[in-house]
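Chemist: could you look at this predicted model? Sequence included:
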Amino acid sequence: MITMALEKPPLTRKQKIAALADQCVQCGLCLPTCPTYGLDGNEAESPRGRIAIAAALARGDAEPTAALRIHLDHCLGCLNCQRVCPANVKYDELLVETRALIGPSPERPKQLLAALKQPTLLRLAARLAGASGVARWKNRLTHRLPAGSPWRAALQTWPEEATDETVPSISPRSDADSITVAIFPGCVASVEDEAAERSAIALLRAAGYRVERLPAFCCGAMDLHGGDMEAADRLAERVRDNWQRSGASQLVTVTPGCLGTLRRALPEVAVVDPVSLLAARLDQLTFRPLARRVALHLPCTQLNVARSESALQKLLSKIPSLDVAVVPRPPHCCGAAGSHMLEFPERAARLRDGVLGQIATLAPQQLLSSNIGCRLHLAAGMDEHGAHWPHMHPLTLLAQQLEMSP
Ligand code: SF4
Ligand code: SF4
């Protein structure tokens, strides 16, 4: 007798979206955590509303008209909804698949986003801006660009002054039994948050890890969130090639915003926030005291993807005299959200105002946040509101306070 394996054919994208949407029991528990629902009070701008839109598109009950797709485009991908959902709806997958189904928005600033994905170009632009005194011309040029333009929003986030980001250099350890960790530098972060990457390397080495640096390139998050699945898949292939050459056993990135995309590219690999590895070896690290009050902003991706907030707070508590005040939530998201701050600057500024107001109540001397996008977006808002808290990645502060062994 011939037995035939009864294998089910893989689901089509539309079937997958419909199946994911079917998990939602429409309880509405996610609504109070959704920043866009908080902005508009509109069901279509809520997770439950977006799930209903996705299901209608997948089942052919609706067409992706501009009026309908704008509610999906407005989604920040913050995943606050997924974190509280009692039915474990995989909102992240549902959003990515639905955006891939309808494709990138015609309004998407393709050239600007393509430029931001190129570290070499960004580095050159940063050098030219620094050499020509960016503070002298930035405001004049910004105000000549149309309000709401993505280029104007990008220029507003361009940093004017360098903060003190000197970090110690630590020699690699040669113990045969050290764990090798690969660090993924990313695109914008590899230029605008280079100090955080150097800090992560110094701290990981001090904690006894060997560190391999991968080349700097985009992980594909911007394409994935924008619905360009082909471009995202090409970058995922590049991530896999470089990972295989590294010989490492774990992958880290200082930007929590890249974590989800890296995990999608490497589902079998432990892709983590370096603070989790450092917190696990706290006994190897000693820090010098620092009498300073800092506001700690926890990006949505650090809370909902990396889940490393308690590890970070544990590490910072090891700096004697440091007074850490965590920025309270809600309003949940500062509005940066990858390219959201460029595509929807007015909405992003409204979300940012809530977070800046909360930071102000803490009266900090400095602002810490792990996501370079959040930091640049918040800093642009500070300029407008006349507040000037110096800001840095928490790893940079930790590396600056690291007690070096004699
Ligand atoms: S990901 Fe964030 S913005 Fe999008 S629906 Fe969920 S809570 Fe709302
Ligand atoms: S909490 Fe989960 S099940 Fe409830 S409405 Fe939101 S997504 Fe649906």
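Modeler: Thanks, I have it. Residues are numbered from 1 along each chain as shown. Ligands and ions are numbered 1, 2, ... in the order given.
Chemist: burial of the residue of the stretch 101-250 of the chain found nearest ligand 1, as a residue count?
Modeler: Taking CB to the nearest ligand atom, ligand 1 has its nearest neighbour within the stretch 101-250 of the chain at His225, 10.5 Å off. For glycine as for every other residue, the C-beta is placed from the backbone atoms N, C-alpha and C. For His225, the neighbour count with other CB atoms under 10 Å is 24.
Chemist: my read: it touches Gly338, true?
Modeler: Yes - A contact is recorded between His225 and Gly338 when judged using CB atoms under 8 Å, the distance being 5.2 Å.
Chemist: so what's in contact with the two at the same time?
Modeler: Residues touching both His225 and Gly338 by CB atoms under 8 Å, 6 or more residues apart in numbering: Gly77.
Chemist: what residues sit buried inside stretch 85-103?
Modeler: Taking 16 or more other CB atoms under 10 Å as the neighbour-count basis, stretch 85-103 is seen to contain the buried residues 85, 89, 91-92, 94-102.
Chemist: quick one, strands of the stretch 1-150 of the chain?
Modeler: Under the criterion DSSP state E, counting those that start in this stretch, the stretch 1-150 of the chain contains no strands.
Chemist: and it, which residues reach ligand 2?
Modeler: Taking CB under 6 Å from any ligand atom as the criterion, the neighbours of ligand 2 within the stretch 1-150 of the chain are 24-30, 47-48, 51, 81, 85, 87, 89.
Chemist: in CSV: these, plus pLDDT and distance to ligand 1.
Modeler: Listed next are those as CSV, based on pLDDT from 0 to 100; distance: CB to the nearest ligand atom, whole Å:
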residue, pLDDT, distance to ligand 1
Cys24, 98, 11
Val25, 98, 16
Gln26, 97, 14
Cys27, 98, 14
Gly28, 97, 12
Leu29, 97, 11
Cys30, 97, 6
Pro47, 98, 4
Arg48, 98, 9
Ile51, 98, 8
Cys81, 97, 3
Cys85, 98, 9
Ala87, 98, 14
Val89, 98, 10
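Chemist: okay, those residues in JSON lines with distance to Ile359 next?
Modeler: Formatted as JSON lines, the entries for these read as follows, by distance: CB to CB, whole Å:
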{"residue": "Cys24", "distance to Ile359": "34"}
{"residue": "Val25", "distance to Ile359": "36"}
{"residue": "Gln26", "distance to Ile359": "35"}
{"residue": "Cys27", "distance to Ile359": "32"}
{"residue": "Gly28", "distance to Ile359": "30"}
{"residue": "Leu29", "distance to Ile359": "28"}
{"residue": "Cys30", "distance to Ile359": "25"}
{"residue": "Pro47", "distance to Ile359": "26"}
{"residue": "Arg48", "distance to Ile359": "30"}
{"residue": "Ile51", "distance to Ile359": "32"}
{"residue": "Cys81", "distance to Ile359": "24"}
{"residue": "Cys85", "distance to Ile359": "28"}
{"residue": "Ala87", "distance to Ile359": "34"}
{"residue": "Val89", "distance to Ile359": "32"}
